[in-house]
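> Need a 3D model of the following:
(chains A and B)
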Amino acid sequence: MKRPPLSVLLPYLWLAVFFALPFVLVAKLSLSHAALAVPPYAPKLDLSHGLAGVADFLRGLDFATYRRLTQDRLYLVAYLSSLGFAGLSTAILLAIGYPMAYGIARCGPRLRPALVMAVILPFWTSFLIRIYAWIAILKPAGLLNLALAALHLPAVTLLDTNAGVVLGLVYAYLPFMVLPLYAVLEKQDESLIEAAQDLGLTPRQAFWRVTFPLSWPGVAAGSLLCFIPMVGEFVVPDLMGGSKTLMLGRTVWTEFFADRDWPAASAVAIVMLVTLVAPIVLAQRRRMALMP
Amino acid sequence: MTAPLVRFEAVTKRFGAETAVDDVTLEIAEGEFFALLGPSGCGKTTLMRLLAGFETPDAGRIRLAGEDVTDMPPHRRPAHMMFQAYALFPHLTVAQNVAFGLKAQGRPKREIAVRVEEMLALVRLEGLGGRKPDELSGGQKQRVALARALAPAPRILLLDEPMAALDRKLREETQFELKRLQAALGLTFLIVTHDRDEAMVVGDRLAVMRDGRIVQVGTPAELYERPAGRFVAGFLGEVNLIGEIGVRPERMRLSRAEPAAANRLAGTVTEVGYLGDRTIYGVETTAGAMRVAQPTGGGERAQVGEAVWLSYPADAAMRLGR
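Numbers count the residues shown, from 1 in each chain, chains lettered A, B, ... in the order given. A predicted model of the protein is given here:
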């Protein structure tokens, strides 16, 4: 067999070092117990005792933390709440992102690059700074309420509410929805729409029977690209959510830093990863099967 | 006489500063195979798209099957188009593609199934209904596009450069097949093409277009043998210009001895090209460079450098003007 070139191996090496290895470490952590020690968990691998040390270490691992997760309803509620936030935000992102992507794709070829650039432009500023900017807009005496007051309209409370979190998520992830949709819609042959109309469909019917089904790979890619990281999102719920906003990213943070319960934090992260990896793998397979 | 199926009345279409279709008036009769012929950018495709409804004229009216369709959206017009790159729906099977227009008309399922089978048989694609477009050859795709456009029984079928994506041999076969199909169905076909052979083979009548205007309308023989001017004469075939007169290469005779004909020119052979069915000679004469086509088995032969005479009968002279 021919040896694969380095350029093929490099991504795998990258994945091994920056994904597989940390994953194994976190998985190991999730099987250990919290302890008053530095670092705050047990057992620890002691290689000075040779194989006996490894055996002792392996005997010390169990699924007690996972059982604890099932007993405390808080974790389930946080998980479902995260899925809810991510699901709702993904739906809103599709509703906003699809018309945007469609509009850009239907623009003249001279205007298109500028519009795509406008979608990407926010990335040039730090994410954290952009979220703080939202806080400045949404806070009780912020820009939004000043503007409303000037128009003699009642003030709105968005900051530190669940609605604020959804707003923040939709804002933060919009480019990840628009770009894959645009990529698919821009390639679409306009004569297909004409053919549909020629054969008797109104423009609206032609959209639902031809444009939308053909853009499905973009819808799937954009939705996954937004939904999966949003489930684990920490910054937006932490900075824009209220004390009652329950999301997994925050739960992990609290377990890790406030409670110093590293195994619980790791177990929450592992559960999230496993339940989210399944849809990714399925979606990938489906996309591969759809490829000509 | 019955009213024409299609009537363009002083139709003008502009794109910005450019006039794509310039004051065109044209009638197409029911049951006719009509060809719009011209170089690229002459407005022939725009004229067809105006009839399909994809463009709206800036001036003039368009009538189709007795109705003024000028402001009618494409989905309500009884004209179906076969697109240049076929525009088959890649997410649908062949049968679903053919059924598309029938479903849009809201026909009952069983009727659709019967009609789809009928159409697939018509274009000789029986048994391929379950395939996806990307599993078909170019010729098969073309026939699916044809079946899809014919299935909802339009009053006129529009063909936009239908043979452009086919190789030469398949193209010739398809031309005759289209002509047979059109005659069998008794349907009106309008074809847009830049290929003069194609237009002359399939077309009962042709309209030659240039710069958004129709230069001449007539049967292939009328246009070829009595062209209205130099442009039509040159576009439909080769032509030798002698002052204001044009003579087709195959109407000229080449001889070594001075001919008795009144119309004769002396010259020297500069080129000889043997094509099997005929031989093409380039001859430099006192009136300029001429081309002569001598059929194999008829007429004399000559070598490069030989002094020869060219002659043509009086009825071969086409008055073309300046």
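
> Name the helix or strand of chain A that has the lowest mean pLDDT.
Of all helical and strand segments in chain A, the minimum by mean pLDDT, DSSP states H and E falls on helix A:262-290, at a mean of 79.

> buried ones in it?
Residues of helix A:262-290 classed as buried by neighbour count (16 or more other C-beta atoms under 10 Å in any protein chain shown): A:262-273, A:276, A:283. Every C-beta, even on glycine, is put in place using the N, C-alpha and C of the backbone.

> Would you mind pulling up the elements that it packs against?
Applying 3 or more C-beta pairs under 8 Å, 6 or more residues apart in numbering or on different chains; DSSP states H and E, one finds that helix A:262-290 contacts helix A:21-30, strand A:33-34, helix A:64-71, helix A:73-105, helix A:216-231, helix A:248-253.

> how much space is there between the residue of the stretch 151-300 of chain B found nearest chain A and residue B:102?
Of all residues in the stretch 151-300 of chain B, residue B:152 sits closest to chain A, at 6.7 Å by C-beta to the nearest C-beta. The spacing between residue B:152 and residue B:102, counted by C-beta to C-beta, to the nearest Å, is 6 Å.

> The least confident helix or strand of chain A to helix A:73-105, inter-axis angle?
Orientation check (axes from the mean of the first three to the mean of the last three C-alpha atoms, to 10 degrees): helix A:262-290 against helix A:73-105 gives 40 degrees.

> Am I right that residue B:73 is in contact with residue A:197?
Yes. Residue B:73 is within contact range of residue A:197, at 7.3 Å (criterion: C-beta atoms under 8 Å).

> residues bridging contact with those two, i.e. touching both?
A:203, B:53 (C-beta atoms under 8 Å, 6 or more residues apart in numbering or on different chains).

> hmm, back to that, out of the helices and strands packed on helix A:262-290, the one nearest chain B is which?
Of the helices and strands packed on helix A:262-290, nearest to chain B by C-beta to the nearest C-beta is helix A:216-231, at 8.1 Å.

> Can you tell me which helices and strands the helix or strand just after the closest one packs against?
For helix A:216-231, the following helix or strand on the C-terminal side (DSSP states H and E) is helix A:235-240. With contacts taken as 3+ C-beta pairs under 8 Å, 6+ apart, helix A:235-240 sits against helix A:127-138, helix A:162-187, helix A:248-253.

> same thing but 6 Å
helix A:162-187 (3 or more C-beta pairs under 6 Å, 6 or more residues apart in numbering or on different chains; DSSP states H and E).

> Just the buried positions in the helix it packs on, please.
The neighbour-count check on helix A:162-187 (16+ other C-beta under 10 Å) flags A:162, A:164-186 as buried.

> From the chain's centroid, how far away is it?
Offset of helix A:162-187 from its chain centre (C-alpha atoms, centre = their mean, to the nearest Å): 11 Å.

> How about stretch A:148-161?
With C-alpha atoms, centre = their mean, you get 29 Å for stretch A:148-161.

> again, but for stretch A:240-258
In terms of C-alpha atoms, centre = their mean, the centre of stretch A:240-258 is set 16 Å apart from its chain centre.

> can you give me the mean pLDDT across that stretch?
Taken as a whole, stretch A:240-258 carries a mean pLDDT of 87.

> Quick one: end-to-end length of it, please.
Stretch A:240-258 has an end-to-end distance of 19 Å (C-alpha to C-alpha, to the nearest Å).

> what's in contact with it?
A:78-79, A:81-82, A:160-162, A:164-165, A:168, A:232-234, A:237-238, A:261, A:264-265, A:268-269, A:272 (C-beta atoms under 6 Å, 6 or more residues apart in numbering or on different chains).

> Please apply the same query to stretch A:156-163.
Under C-beta under 6 Å, 6+ apart, the answer for stretch A:156-163 is A:138, A:139, A:164, A:242, A:245.

> Could you identify the most distant pair in those?
The most widely separated members of those are A:139 and A:245, with 16.3 Å between them, by C-beta to C-beta.

> Compare those two (neighbour count), which wins?
Each of residue A:139 and residue A:245 has its neighbours counted (other C-beta atoms under 10 Å in any protein chain shown); residue A:245 has more, 19 against 15.

> dump the residue contacts of residue B:166.
Applying C-beta under 6 Å, 6+ apart, we find residue B:166 in contact with residue B:138.

> Run through the chain and note the low-pLDDT ranges.
This is for chain A. Scanning chain A for pLDDT under 70 picks out A:1-2, A:278-279, A:283-284, A:287-292.

> Not quite, go with chain B.
The model of chain B has pLDDT under 70 over residues B:1-2, B:322.

> Using the three-state scheme, assign the most centrally placed residue in it.
By C-alpha atoms, centre = their mean, the mean C-alpha position of chain B lies nearest to residue B:199, the distance being 2.4 Å. When classified by DSSP: H, G, I helix; E, B strand; the rest coil, residue B:199 comes out as helix.

> quick one, domains of chain A?
Residue ranges for the domains of chain A, per automatic domain parsing: A:24-62, A:74-290.

> Highest mean neighbour count out of these?
domain A:74-290 (a mean of 17; mean count of other C-beta atoms under 10 Å in any protein chain shown).

> roughly how far is that domain from the heart of the chain?
Distance of domain A:74-290 from its chain centroid, counting by C-alpha atoms, centre = their mean, is 8 Å.

> now stretch A:58-68
On C-alpha atoms, centre = their mean, the centre of stretch A:58-68 falls 28 Å from the chain's centre.

> Surely residue B:7 is in contact with residue B:63?
Yes. With contact defined as C-beta atoms under 6 Å, residue B:7 reaches residue B:63; the gap is 4.3 Å.

> What segments of the stretch 51-200 of chain B are strands?
B:59-64, B:67-68, B:79-82, B:156-160, B:188-193 (DSSP state E, counting those that start in this stretch).

> Mind listing the strands the shortest one pairs with, and their directions?
For strand B:67-68, the paired strands and their directions (DSSP bridges) are strand B:59-64 (antiparallel).

> Could you find the closest non-adjacent residue to the residue of the stretch 151-300 of chain B closest to chain A?
Nearest non-adjacent residue to residue B:152, counting by C-beta to C-beta, 6 or more residues apart in numbering or on different chains: residue B:101, 3.6 Å away.

> interface residues of the stretch 151-300 of chain B facing chain A?
The stretch 151-300 of chain B comes close to chain A at no residue, as judged by C-beta under 6 Å from any C-beta of the partner chain.

> cutoff 8 Å now
Proximity of the stretch 151-300 of chain B to chain A (C-beta under 8 Å from any C-beta of the partner chain) is limited to residues residue B:152.

> What segments of the stretch 151-300 of chain B are helices?
Under the criterion DSSP state H, counting those that start in this stretch, helices of the stretch 151-300 of chain B are mapped to B:168-185, B:196-202, B:220-225, B:230-236.

> Any chance of JSON lines for those helices, columns distance to residue A:218?
Listed next are the helices of the stretch 151-300 of chain B as JSON lines, based on distance: least, C-beta to C-beta, whole Å:
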{"stretch": "helix B:168-185", "distance to residue A:218": "35"}
{"stretch": "helix B:196-202", "distance to residue A:218": "39"}
{"stretch": "helix B:220-225", "distance to residue A:218": "48"}
{"stretch": "helix B:230-236", "distance to residue A:218": "45"}
